[in-house]
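Chemist: Requesting a structural model of the entry that follows:
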Amino acid sequence: MDNRIFDWLKGMEATDLTPAYTLENLALTLLLGVFLGQVVAWVYMWTHSGVSYARTFTQSLVLLTIVVSLVMFVIGNSIVTAFGLIGALAIIRFRNVLKDTRDTVYVFFSLVLGMALGSQRHLAALVGTVALLVVALYLHFTGFGKLSSFDGHVSVRVASDGKYPRDILKRHCRRTRQISARHRNEDEVDYVLEVRLRDRNRGADLVSELQGAAGIAAASLVLRDELAEI
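Modeler: Below is the predicted model:
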């Protein structure tokens, strides 16, 4: 059964004829638009980080896929219809500014996905969505594009009666590198270190343990955004 469906999709992909305007073809196009649009939105949600997330944008990815699919289905190979829709859509002005270039990629992919579905190239739409899923998850989980192997900075103020908290840092960090050591006076020294945490979610535990150690006057941790280098 699965092979017959695949052969049917492949046969539709190979033909250059105008798709038949049937209720079955329209229903299949819209159903695939709903499903694949949600897949694109899920990938966006899973791999998103930062402060620019908007629920309405995620929903728009699904709706945009369906709308473009319907537009392409209506146009078919009709030049007259195409120019008519262009004239109608030219009246609408979009003033929403995307804050992240990655958001633009997902909008563009939703447009292309809708065009593929609306022109009855279902196999291309399915393969393209799987490719997007694989590549997006690979880039997300491998941290591709990061310039630094450190998570952030730790500042520690050590009093004269204390000692450098090497054991605490080793317990919570995979890597550390001292950036500076500033002597405030004869009694205190401020250390600033780059750190690679064993668990980014336990940064508060590191700060709490440093602040509770004998001879530590103050301690703080600044984590950098995973998508931005500071």
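Chemist: mind listing the strands for this structure?
Modeler: The residue ranges that make up the strands of the chain, judged by DSSP state E, are 152-159, 173-183, 188-197, 216-223.
Chemist: what lines up beside the last one in the sheet?
Modeler: According to DSSP bridges, the neighbouring strands of strand 216-223, each with its direction, are strand 152-159 (antiparallel).
Chemist: where's the partner strand relative to the chain centroid, distance-wise?
Modeler: Strand 152-159 has its average C-alpha position 32 Å from the chain's average C-alpha position, going by C-alpha atoms, centre = their mean, to the nearest Å.
Chemist: okay, the angle between that strand and strand 173-183?
Modeler: Here strand 152-159 runs at an angle of 50 degrees relative to strand 173-183 (axes from the mean of the first three to the mean of the last three C-alpha atoms, to 10 degrees).
Chemist: mind checking pLDDT for the residue lying farthest from the centre of the chain?
Modeler: With C-alpha atoms, centre = their mean as the measure, the chain has its most outlying C-alpha, relative to the mean C-alpha position, at residue 186: 48.6 Å. The confidence metric pLDDT takes the value 72 at residue 186.
Chemist: circling back: buried deepest among the strands of the chain, which one?
Modeler: Each of the strands of the chain was given a mean neighbour count from mean count of other C-beta atoms under 10 Å, and the largest, a mean of 20, is that of strand 152-159. Bear in mind the C-beta positions are built from the backbone N, C-alpha and C, glycine included.
Chemist: on that earlier part again, quick one: which of the strands of the chain is nearest residue 69?
Modeler: Minimum separation from residue 69 across these (C-beta to C-beta) falls at strand 216-223, 41.3 Å.
Chemist: Redo the strands of the chain as TSV? Include distance to residue 24.
Modeler: As requested, those are exported to TSV (distance: least, C-beta to C-beta, whole Å):
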stretch	distance to residue 24
strand 152-159	56
strand 173-183	57
strand 188-197	55
strand 216-223	53
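Chemist: who wins for proximity to residue 63 among those?
Modeler: Within the strands of the chain, the stretch nearest residue 63 is strand 216-223; the backing value is 34.9 Å (C-beta to C-beta).
Chemist: Need the residues that contact that closest one.
Modeler: For strand 216-223, the external contacting residues (C-beta atoms under 8 Å, 6 or more residues apart in numbering) are 151-159, 162, 165, 188, 195, 200, 203, 206-207, 210-211.
Chemist: returning to that earlier point: might you report the residue contacts of the residue farthest from the centre of the chain?
Modeler: For residue 186, the set of contacting residues under the criterion of C-beta under 8 Å, 6+ apart consists of residue 160.
Chemist: can you give me phi and psi for it?
Modeler: Taking degrees, to the nearest 10, you get phi -70, psi -20 for the backbone angles of residue 186.
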